[in-house]
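Peer 1: what shape does this take:
(one chain, ligands or ions: 1)
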Amino acid sequence: MFELTKDQKELQLRARAFAEAELIGRAAEIDESQEYPWDIVEKLTKAGFCGMTVPEAYGGQGLTYLHTVLVIEEMAKICAVTARIVVETNMGAISAILAYGSDEQKKLATEMVLAGDKPAICMTEPDAGSALTDLTTSAEKKGNTYVLNGTKHWITGGGVSRLHLIFARLIEDGEDKGIAAFIAIKDEDEGLVIADREPTMGLRGIPEARVEFHDMTLPADRLILPQEGIRRGFAGLMNAYNSQRTGAATCALGIATGAYNIALDYVETRHQFKRPIAEFQGLQWILADMATSLEAARLLIHKAASSEGTNGFPDPLLAAQAKILASETAVSVTNNALQLHGAAGYSRRLPIERMVRDARMFTIGGGTAQLLRNLVASRILDRKFPQTRDGYVGWEDEDRPAGQQRKRG
Ligand code: FAD
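Peer 2: Sure, this is the predicted structure:
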């Protein structure tokens, strides 16, 4: 746990070399142009950083989530957009399909990620953000097809991703059966419309888009149904999201570590009062706190990535804790790095202000820091806490994940 294996260290060094060679010159350009870095995608694909977690039987390398987070951190130190591409070509939608999809679905999805496609996960809707189960996108069964209608927003990769994993209500004979997931492919499935791009604060090289489904007709074999069935299948699909959550935490950690590294150099070279500013104890303590929180976040991420939750996904409690800690650490560490630079940190000539902007999203996307705290509280107290006013009425003991107990420190 505390010592990486030889192959993990080698992979980490290879990712670092890639990031230093390919990303230092591109990160600011990607931010400025707001264009998806297809050139980098091609290089990532050739270097084998897309689809690392895909089993060898499907043409991948069968690497673990711990291997993957090592790569993500190295990329994020320099270019968070690239790191997010690595997250989503290895975790999230692809993990869900690998865990719950049919053989055909796995082949389809793995071929796409191995070729560099960054799948889009379509969950959030204008009226269903944190309250995801309020989503209204419908998938009506008609003969041997499903007809999807609805609107998603804040879909990362909307417009550049081909593979879409869409969460929708399954309607059969007019009856709402529950939430299921469907695979759709941009440019192949008619009715998948990229409606609008969000002008974002950071991570501007990946579009965040509104995606609409207008009578999008999918063959029945695009439905992903975990074997638990439709009622419990949604929990299974959300469980897959713990991989992506761990990856997102790592992006945040990497951005913060990159900013910290730059600040560490700067305080030695910048002189005021005829001495390096590193000699001021007030700044030393800021640096000490930055280093300490980064190390804590890294350890928690490695623990989450190595943990064994259900179906091989990271443990939900650890994934949530890792994302809370890493995302909040990233906000504070990048801001402190800017502060240590004085005015220079505020200039767009240096990467620090971009890192502040890029880090900001991680307390929001993929489950806000508040919602994740709800999850943590529910786990440590071993109770479900209803968030709606009318309260939770259907709690049954069997809904409690097996082996879950109160977590004592
Ligand atoms: P709301 O749910 O409206 O929340 C507003 C505020 O209220 C937040 O501070 C929240 O923490 C708080 N809050 C709400 N309910 C509670 C509660 N019960 N207890 C305490 N606090 C509460 N979605 C996708 O489906 N796919 C994507 O690819 C994707 N990518 C994203 C990328 C970015 C950059 C961002 C910013 C978002 C992305 N999202 C994506 C959407 C993201 O998952 C949602 O923004 C998130 O779930 C929060 O929903 P919301 O923005 O509607 O906020």
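Peer 1: so which residue of the protein lies furthest out from the middle?
Peer 2: Lys274 (44.7 Å; Cα atoms, centre = their mean).
Peer 1: what does the model give that one for pLDDT?
Peer 2: pLDDT recorded at Lys274 is 98.
Peer 1: and the gap between it and Leu287?
Peer 2: 21 Å (Cβ to Cβ, to the nearest Å). Heads up, the C-betas are built off the backbone N, CA and C, glycines and all.
Peer 1: what of Met201?
Peer 2: Met201 is 26 Å from Leu287, by Cβ to Cβ.
Peer 1: Glu104 now?
Peer 2: Glu104 is 53 Å from Leu287, by Cβ to Cβ.
Peer 1: which one of the two is surrounded by more residues?
Peer 2: Leu287 (17 against 10; other Cβ atoms under 10 Å).
Peer 1: which element, helix or strand, includes that one?
Peer 2: helix 281-306 (DSSP states H and E).
Peer 1: show me what that helix is packed up against.
Peer 2: helix 65-78, helix 230-269, helix 316-340 (3 or more Cβ pairs under 8 Å, 6 or more residues apart in numbering; DSSP states H and E).
Peer 1: now do it and helix 65-78, the angle between them.
Peer 2: 150 degrees (axes from the mean of the first three to the mean of the last three Cα atoms, to 10 degrees).
Peer 1: quick check: buried residues in helix 281-306?
Peer 2: For helix 281-306, the neighbour count (16 or more other Cβ atoms under 10 Å) marks 283, 286-287, 290, 293-294, 297-298, 300-306 as buried.
Peer 1: can you list the residues of the chain near the ligand?
Peer 2: 121-124, 129-130, 154-156, 208, 361, 364-368, 370-371, 374, 387 (Cβ under 6 Å from any ligand atom).
Peer 1: taking those residues one by one, which sit in strands?
Peer 2: In strands, defined here by DSSP state E, the members of the residues of the chain next to the ligand are 121-122, 154-156, 208.
Peer 1: now neighbour count and pLDDT too, for these, in TSV please.
Peer 2: Listed next are these as TSV, based on neighbours: other Cβ atoms under 10 Å; pLDDT from 0 to 100:
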residue	neighbour count	pLDDT
Ile121	26	97
Cys122	32	98
Trp154	20	98
Ile155	22	98
Thr156	24	98
Glu208	20	98
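Peer 1: residues contacting Ala195?
Peer 2: Ala195 makes contacts with 151, 209-212, as judged by Cβ atoms under 8 Å, 6 or more residues apart in numbering.
Peer 1: measure the closest residue to the ligand within the chain to Trp154 for me?
Peer 2: At 1.8 Å from the ligand, Gly129 is the closest residue in the chain, using Cβ to the nearest ligand atom. Using Cβ to Cβ, Gly129 is found at 8 Å from Trp154.
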